[in-house]
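Participant: show me how the following folds:
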Amino acid sequence: MKKYRRFCAALLVCVFLTQSVFAQTDETIFTDPVTATLTGRSDANAVINNLGFIDLDGHWAKEPAARAVALGILKGKAPNFFPNANVSNGEMLAAVIRMLGRESDAITENARYEQPRNPAVPAPPNPPNTNAPVTPDSLRGYLVVATQLRLITNAQYNDTINADQDTLDPVDNFRYLDPVTRQQAVEWLYYALNQTNANSFPAVTNTQKIYNFPDWNLVRAANVAAMESFVSNGIIRGDSRNMIRPNDYLTNAELAQMLKNLDSVYYAAANLQKRTGTVGGIQDDAAFATGAADLGRSVYVRGGNGRIEVLANSASVRYTGNTPFYDMPVYRDGKIGGLDILREGDEIEYILNTVTNEVMYISVTSLPLNVTYVTGRLRTVDFNTGQITVSTENGTLATFVMSQGIYYNDTASNEQYLYIDYNRQIARKDLPFGSSITLRLKNDVCDEIYYVGDPVLKSETRGIVIENDPGLGYITLLDAGKNQVTLQYTADISNNNTKKKEYYMSYDEIGYITELFPYYKFNQVLTSIDNIEAGDIVFVKLSDADPEYIESIYAVTNYIPRYGTLSDINLDPSGNFYNVVLMDSDWRGQDLPLILPTNIFITKNGVPVPISVLDKSAGAGAKVTMNEFMLSGNTISYAAKEIKIEG
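Facilitator: Okay, the predicted model is just below:
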């Protein structure tokens, strides 16, 4: 949301349209037809702020609590949720009534009691005592509706009218401020939902499940069917001692989890519907005019049925100061925010209000696979434990578990093999110990190894692409010694001999890379020679028959965002690239020498500009997405892919 507020400070004096498309994980997400566009809720800001419970950080109930409060079933209020506090009888009945979608009835009933002497306000039909005091926590209307629903009896309701609850006998009377027991909460939930839909729970024909718990005999006879149904459907589970604790008091955290476990049962009664899908792409739009701005984000979600729905938020900023904002509360990896915290690849479930067509709440159920890359010198490979160790550039040893598909113990020959560079089998005795390799890690497990160091098997050239001309069939590289090398290739190189693996740090000190450089598009591993671009780092294997021709080419693009000041800008005499220094980098505290091919994309203050602007940009701040890789030895090379010049 902060991103949208920043826009509010600068409204242009003309009409200006912009659109940013983030890196999508679903190739056709923006071209396939959209089934529905779902809007955010107008109270999203207030709801998101209200979900910032400081006493839930690291607590197991943080997501269930956020869900229940966002959906309006529970009424927690920041900064504390009090997860271990007991739920009172009155609070439990209020939660049940909200779950049934009857809160408006409770509010109406409560209003009647707040003005008992106003003849314009009719007396409530049941019960008739209009002189009853308002309860200390404004639960009166809920208690009236609970009586109407026969969750409590008239006699129990009359107990709630007593202003001094402490004078009531806790055994013979109903004290609504007393804590509710777990089995009483189950009874009310079960009875209320069955009133709404007789098929809410499968019929219990043979009571068996609760007998698995040693304390089953504490369940009252009248509550056995309800408790059996809740246990059988996984709504209530045993604790670490395998106890269901029917007579223990229910806590706020336990109630939140119970409501989450009930979601598919009560959503229909509350006019809610749960949908699931995967975020395939994100698109931001902005339209500016004199004294006004319209901003929005569209999150494209592909459901399990293959159809696409768009989750959209929006803000309309006017010179009058009126700023209606529509967003959706999102829970992601322990954090609460709006649509701005979703990322491509997130698997989500979102709760839709079927009456207003508003998305009430989103929970990220599975994060994208965490793919990272580590480059270092090969030190050891333990084929018994399946571990590989490299020495990184700062001298530290890093050990990772290997997936079983990249190493092999041949018991017949008593030989051990490692697979490098897409299934090239290398015996243990021939492994390039001491040479540079790159490990691809998926959730910290190495599943691929790429050779970076000394030449192997065939003549090999590596360098930064300065120019690629598929029409004429040649590519020009800048090698580790900054020598320009031009090589030729034939049309059949695209037939499985051209690969491009792109990876990047998704988040850095200066921001999310797809937000900083929205023009950059990521490609797949298998590609064509046309997709090898200036700024890519390539490993080229030359033909044995003709060393000037390329047999295969592999591009590795390790893009990272950096921020600094441009300095020492010099055009190479060849005219094909610039040498530039990015000063005062906030990454390693050192200046980074960059190679800038003359055909890379450059913007200045958000507007695309020609490469010649660099000649007058010394001293300007810049955000740079750059390609980093070791071309030889310990020499790190940096090739710019895109530059955003500021000021």
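
Participant: contacts, neighbours, all on C-alpha from now
Facilitator: Noted.

Participant: list the contacts for the residue nearest to residue 403 when sequence neighbours are not counted?
Facilitator: Using Cα to Cα, 6 or more residues apart in numbering and skipping the chain neighbours, the partner closest in space to residue 403 is residue 447 (5.2 Å). For residue 447, the contacting residues are 402-403, 405-406, 439-441, by Cα atoms under 8 Å, 6 or more residues apart in numbering.

Participant: can you flag the buried ones in these?
Facilitator: With burial judged by 16 or more other Cα atoms under 10 Å, the buried subset of these is 402, 406, 439-441.

Participant: turn these into JSON lines, including secondary structure and distance to residue 583.
Facilitator: Below are the buried ones among the contacts of residue 447 laid out as JSON lines (DSSP: H, G, I helix; E, B strand; the rest coil; distance: Cα to Cα, whole Å):
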{"residue": "402", "secondary structure": "strand", "distance to residue 583": "38"}
{"residue": "406", "secondary structure": "helix", "distance to residue 583": "41"}
{"residue": "439", "secondary structure": "strand", "distance to residue 583": "30"}
{"residue": "440", "secondary structure": "strand", "distance to residue 583": "30"}
{"residue": "441", "secondary structure": "strand", "distance to residue 583": "31"}
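
Participant: pull the most distant pair out of these.
Facilitator: Greatest spatial distance among those (Cα to Cα): 406 and 441, at 12.3 Å.

Participant: overlap of the contact sets of these two?
Facilitator: Joint contacts of residue 406 and residue 441 (Cα under 8 Å, 6+ apart) are 447-448.

Participant: what about the lengthiest helix in the chain, distance to the chain center?
Facilitator: When the chain is parsed with DSSP state H, its longest helix is helix 182-196. Here the centre of helix 182-196 is set off from its chain's centre by 35 Å, with Cα atoms, centre = their mean, to the nearest Å.

Participant: tell me the mean pLDDT for it?
Facilitator: Taken as a whole, helix 182-196 has an average pLDDT of 93.

Participant: list of residues touching it?
Facilitator: Against helix 182-196 from outside (Cα under 8 Å, 6+ apart): 92-93, 96, 100, 149, 151, 200-201, 219, 223, 226-227, 230, 245-250, 265-266, 269.

Participant: buried residues in it, which are they?
Facilitator: Buried, per 16+ other Cα under 10 Å, within helix 182-196: 182-193.

Participant: with distance to residue 306 as added columns, please give these in JSON lines.
Facilitator: Output for the buried residues of helix 182-196, formatted as JSON lines (distance: Cα to Cα, whole Å):
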{"residue": "182", "distance to residue 306": "41"}
{"residue": "183", "distance to residue 306": "42"}
{"residue": "184", "distance to residue 306": "43"}
{"residue": "185", "distance to residue 306": "39"}
{"residue": "186", "distance to residue 306": "38"}
{"residue": "187", "distance to residue 306": "40"}
{"residue": "188", "distance to residue 306": "39"}
{"residue": "189", "distance to residue 306": "35"}
{"residue": "190", "distance to residue 306": "35"}
{"residue": "191", "distance to residue 306": "38"}
{"residue": "192", "distance to residue 306": "36"}
{"residue": "193", "distance to residue 306": "32"}
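
Participant: of these, closest to residue 380?
Facilitator: residue 182 (56.5 Å).

Participant: what pLDDT does residue 131 get?
Facilitator: The per-residue pLDDT reported for residue 131 equals 36.

Participant: ok, now residue 97?
Facilitator: At residue 97, the model reports a pLDDT of 94.

Participant: what is the neighbour count of it?
Facilitator: 25 (other Cα atoms under 10 Å).

Participant: now do the SS call for it.
Facilitator: Taking DSSP: H, G, I helix; E, B strand; the rest coil as the rule, one finds residue 97 in the helix state.

Participant: now it. Nearest residue, chain neighbours left out?
Facilitator: Nearest in space to residue 97, with sequence neighbours left out and distances taken as Cα to Cα, 6+ apart, is residue 103 at 6.1 Å.

Participant: one more: residue 304?
Facilitator: Leaving aside its chain neighbours, residue 304 sits nearest to residue 277 (6.0 Å; criterion: Cα to Cα, 6+ apart).

Participant: now for the host helix or strand of the one you found, which elements pack on it?
Facilitator: Taking DSSP states H and E as the definition, residue 277 sits inside strand 272-289. If contacts are counted by 3 or more Cα pairs under 8 Å, 6 or more residues apart in numbering; DSSP states H and E, strand 272-289 sits against strand 16-21, strand 292-302, strand 347-353.

Participant: please redo it, this time with the cut-off set to 10 Å
Facilitator: With contacts defined as 3 or more Cα pairs under 10 Å, 6 or more residues apart in numbering; DSSP states H and E, strand 272-289 has these neighbours: helix 2-7, strand 16-21, helix 263-266, strand 292-302, strand 308-318, strand 347-353, strand 358-366.

Participant: worst mean pLDDT among the ones you listed?
Facilitator: For these, the weakest mean pLDDT is recorded on helix 2-7, namely a mean of 38.

Participant: give the contact list for residue 607.
Facilitator: For residue 607, the contact set (Cα atoms under 10 Å, 6 or more residues apart in numbering) comprises 644-645.

Participant: in terms of pLDDT, where does it sit?
Facilitator: Reported pLDDT at residue 607 in the predicted model: 81.

Participant: could you do the one 3 residues further on as well?
Facilitator: In this model, residue 610 is scored at 84, pLDDT.

Participant: determine the longest strand present in this protein.
Facilitator: strand 550-571 (DSSP state E).

Participant: bridged to residue 37, which residues?
Facilitator: Beta bridges link residue 37 to residue 310 when assigned by DSSP bridges.

Participant: tell me the pLDDT at it?
Facilitator: Reported pLDDT for residue 37: 92.

Participant: burial count for it?
Facilitator: By the criterion of other Cα under 10 Å, residue 37 has 15 neighbours.

Participant: pretty sure it is touching residue 297, no?
Facilitator: No: Residue 37 lies out of contact with residue 297 (Cα atoms under 10 Å); the separation is 11.8 Å.

Participant: which residues do these two both contact?
Facilitator: 310-312.

Participant: between these, which is closest to residue 612?
Facilitator: Distances from residue 612 to the shared contacts of residue 37 and residue 297, taken by Cα to Cα, are shortest for residue 312, at 39.3 Å.

Participant: quick one: the host helix or strand of residue 447 to chain centroid distance?
Facilitator: Per DSSP H and E: residue 447 is located in strand 445-451. Computed by Cα atoms, centre = their mean, the chain-centroid distance of strand 445-451 equals 26 Å.

Participant: what mean pLDDT would you report for the very next helix or strand once past it?
Facilitator: Using DSSP H and E, the helix or strand that follows strand 445-451 in sequence is strand 460-469. Averaging pLDDT along strand 460-469 yields 79.

Participant: direction included, what does strand 460-469 pair up with?
Facilitator: Looking at strand 460-469 with DSSP bridges, its partner strands are strand 474-478 (antiparallel), strand 537-542 (antiparallel).

Participant: the spatially closest residue to residue 40 that is not a sequence neighbour pairs with what?
Facilitator: Excluding its sequence neighbours, the residue lying closest to residue 40 (Cα to Cα, 6+ apart) is residue 327, at 4.3 Å. Bridge pairing for residue 327 (DSSP bridges) gives the partners residue 41.
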